[in-house]
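1. Quick one, what's the 3D model for this:
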Amino acid sequence: MTGKANFSPEEWSRILASPMVASMAITAADPGGLWGMLKEGMTGGWALVKAKRDPNTNVLVKAVADDFADGSARGSASEGVQARFKGIQASELKRKAVEELRSVAAIVDSKAPEDAPAFKSWLQDIAQKAAEAANEGGFLGFGGVAVSDAEKATLAEIAAALNTPPATATAGM
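-> Take a look at the predicted model:
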């Protein structure tokens, strides 16, 4: 059974933060207004809540969701994201987030190969839901497109980084 014990503290911190990083990559690809950024940013949190409640969740995803529910682990993950992205210019944020997802995928592939496909697919799904969370290019959330070209390109980059098939569009949140 794959869980926190399979990884070093640094690796686990990165794995724990990866749902936030997946959402952040999409938000950085096409920053919209405040409301859109909030909706996109919340997708990782909602995915964690869903994973914690779903009895059929992959064991590694479940371990992340369970550990994230612990305030100290959540704080550690947040601090890790801040440290990894400190000093990064807004224009470089998306690239750095995709690189971080590539690194997390490599860690999971090497330390939890049996759970890696489901975990990486889960991260891809979080990115897809973040892209669909808010319309881009409209006015006050009205009009625009559900997923912008920049977000579509970023989804393809994330799929390549995770070595997963590109996600298909799903219904909004």
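
2. Ser148 touches Ile26, doesn't it?
-> No. Applying CB atoms under 8 Å as the test, Ser148 and Ile26 come out as separate, 9.7 Å apart. Placement of C-beta: from N, CA and C, glycine included.

3. of these two, who's got more company?
-> Counted by other CB atoms under 10 Å, Ser148 and Ile26 do not tie: Ile26 has more neighbours, with 30 against 18.

4. residue contacts, the more buried one?
-> 40, 127, 130-131, 151, 154-155 (CB atoms under 8 Å, 6 or more residues apart in numbering).

5. just the residues you listed: which has the poorest pLDDT?
-> In terms of pLDDT, Glu40 ranks lowest among the contacts of Ile26, with 65.

6. Name the residue closest to the centre of the protein, please.
-> Nearest to the mean C-alpha position of the chain, by CA atoms, centre = their mean, lies Ala22 at 2.3 Å.

7. element containing it, please.
-> helix 9-29 (DSSP states H and E).

8. And Leu93, by the same measure?
-> Going by DSSP H and E, Leu93 is part of helix 90-111.

9. okay, that helix in CSV with CA atoms only?
-> Extracted C-alpha coordinates of helix 90-111, given in CSV (Å, rounded to 0.1, in the frame of the first residue of the first chain):
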residue,chain,number,x,y,z
ALA,A,90,4.4,35.9,-13.2
SER,A,91,5.5,35.2,-16.8
GLU,A,92,7.5,32.2,-15.7
LEU,A,93,4.9,30.8,-13.2
LYS,A,94,3.2,28.5,-15.7
ARG,A,95,6.4,27.0,-17.0
LYS,A,96,7.7,26.4,-13.4
ALA,A,97,4.4,24.8,-12.4
VAL,A,98,4.5,22.4,-15.3
GLU,A,99,8.2,21.6,-14.5
GLU,A,100,7.1,20.9,-10.9
LEU,A,101,4.4,18.5,-12.1
ARG,A,102,6.9,16.7,-14.3
SER,A,103,9.2,16.3,-11.2
VAL,A,104,6.3,15.0,-9.1
ALA,A,105,5.4,12.5,-11.9
ALA,A,106,8.9,11.2,-11.9
ILE,A,107,8.9,10.8,-8.1
VAL,A,108,5.6,8.9,-8.2
ASP,A,109,6.7,6.8,-11.2
SER,A,110,9.8,5.7,-9.4
LYS,A,111,8.5,5.2,-5.8
